[in-house]
Structure formats: structure tokens, C-alpha cells
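# Sequence first, then the predicted structure, then my questions.
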Amino acid sequence: MQTIQYQLQHALNTNGFKCGVALGEKARVQGKLLVHEYLRWKPKADIQKFLEPFDPEFADHIFRNKGTQAYENYMSSYKPQEPEENLPKLQVFNTCQKLINTIPDCIYDQTNPEDVAEFSGDDPYDGLRILLGGVRDYLIKDAATMEQMRDVEAAIAGTLDTTSLYRKLEFLESKSRKLTTTRRRRFSVSRMHRH
């Protein structure tokens, strides 16, 4: 007996589509928050109004006691926010009638008020939630790869000298190797601490 996922992957591959099929995430609450985020019309409130004035001594205290990541989070909260211009992030057109009709039917779950209650006919909402999870993952995980590709394209466009081009590409490749080595080391260290 073959799973539906296997059957779909096999059908795509035999018909010339070279893409993977993955199961959607089951994190319903995060999915609901993503739907809210992508359908938001108003810009987020400026949190800097509510922050205490910047304290360099407190920043040093965070760095010494909580680490680099906590320090960077503290520092980033004082950077001026860029105005949001691309709102809403997702636009649903009138040709998506099932989704348009489903979204108003979504109500909060009584047992878990942060989740949307499941109901018969919620498949368009679930599809949107899973799609937006994939978009989020693509934007987060593949951002570094996209940055590397832009660097390569800039190196290629910036010179007609082949020697210079190869040297720039070697530099970019070595930079990318350092990133993967660092990630592998962090992973192996974190695995060692779990045991």
C-alpha cells in the first residue's frame, strides 16, 4: 500500500515535474498567526514609544549575562522601524470564492482560544495556512542562498576580467564554506549537550 504523498510524488516525477512533495505543518496556532499577519491592512504599532530610553550599561549587562543573541535582540529593538509599504502582504482575488467564503466562518476554538476551530469545509483555510508556512520557510531559510546568488551575479556583472572573476568567486565560495562549517559545529555541539 502506497501513501498518497508517494503516489503524488511518483505522478509528478513521471510527468516531468522535478519538485518535492512535503507534508504540511500541523502547527495550527502559528498558521493562524501567519494568516493574520499576511492579511493585515494596518502597519504594526511603533514599539519604540513604549521602550525605556537606551541604557548602554544595561546593554553591557545583557551581553555579559545573556549572550550575544540577547544583546543583538536588545540593540535591534532601538533601531528605527522601516515603514511598512507592502500591506496587505497577501491579496485574495474574487476568483478565490471558496477561500473568501471560508475565512468568515473561521471562529476561535473553545478549548484553545488561540487556535481556529476545525469545521467541515475548512480545507481552503488549511491550504492557505500551509501555503503561508511554506512562504515563511522559503523567505527565512533561503534568504542566505538568495544573498549568495546576488553576490555571484554582482561578481559576474562587475568584471570582464576572468582572473578577477574567478578570484571573487573563490572568495564567495570560501565565505559560504565557513558558514556551513560554523552551522555544522553548532549542530554537533548542541547534539552533544542533549545527551
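That came through, no problem.

# residues making contact with the host helix or strand of Tyr74?
Using DSSP states H and E, the element containing Tyr74 is helix 68-76. Helix 68-76 is contacted from outside by Phe58, Ala59, Ile62, Phe63, using C-beta atoms under 8 Å, 6 or more residues apart in numbering. Yep, even glycine has a C-beta here, placed from its N, CA and C like the rest.

# do stretch 46-55 as well
Ser77, Tyr78, Pro80, Gln81.

# And for stretch 125-135?
Looking at what lies outside stretch 125-135 - C-beta under 8 Å, 6+ apart - the contacts are 24-25, 27-28, 30-32, 34-35, 38, 90, 99, 102-103, 106, 116.

# If you rank the residues you listed by neighbours, which is first?
Most neighbours among these, by other C-beta atoms under 10 Å: Gly31, with 23 neighbours.

# just to revisit the earlier point, of all the contacts of stretch 46-55, which comes closest to Gly16?
Gln81 (45.4 Å; C-beta to C-beta).

# With adjacent residues omitted, what lies nearest to the closest one?
In space, not counting the residues next to it along the chain, Gln81 is nearest to Asp46; the distance is 5.9 Å by C-beta to C-beta, 6 or more residues apart in numbering.

# Got the domain ranges for this structure?
Following automatic domain parsing, one gets these domains for the chain: 23-43+87-141, 45-83, 145-194.

# Quick one: mean pLDDT for the second one?
The predicted model assigns domain 45-83 a mean pLDDT of 86.

# now stretch 20-37
So the average pLDDT for stretch 20-37 ends up being 80.

# Just to check, Tyr38 is in contact with Pro88?
Yes - Tyr38 is within contact range of Pro88, at 6.6 Å (criterion: C-beta atoms under 8 Å).

# On the three-state scheme, Phe54 is what?
When classified by DSSP: H, G, I helix; E, B strand; the rest coil, Phe54 comes out as coil.

# count of neighbours near it?
Other residues close to Phe54 by other C-beta under 10 Å number 12.

# please renumber so the chain begins at 28
Got it, the first residue is 28 from now on, which makes the last one we talked about Phe81.

# Against Ile89, how distant is it?
12 Å (C-beta to C-beta, to the nearest Å).

# rewinding a little: distance to Gln29 for the domains of the chain - can I get that in a markdown table?
Formatted as a markdown table, these follow (distance: least, C-beta to C-beta, whole Å):
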| stretch | distance to Gln29 |
| --- | --- |
| domain 50-70+114-168 | 15 |
| domain 72-110 | 44 |
| domain 172-221 | 32 |
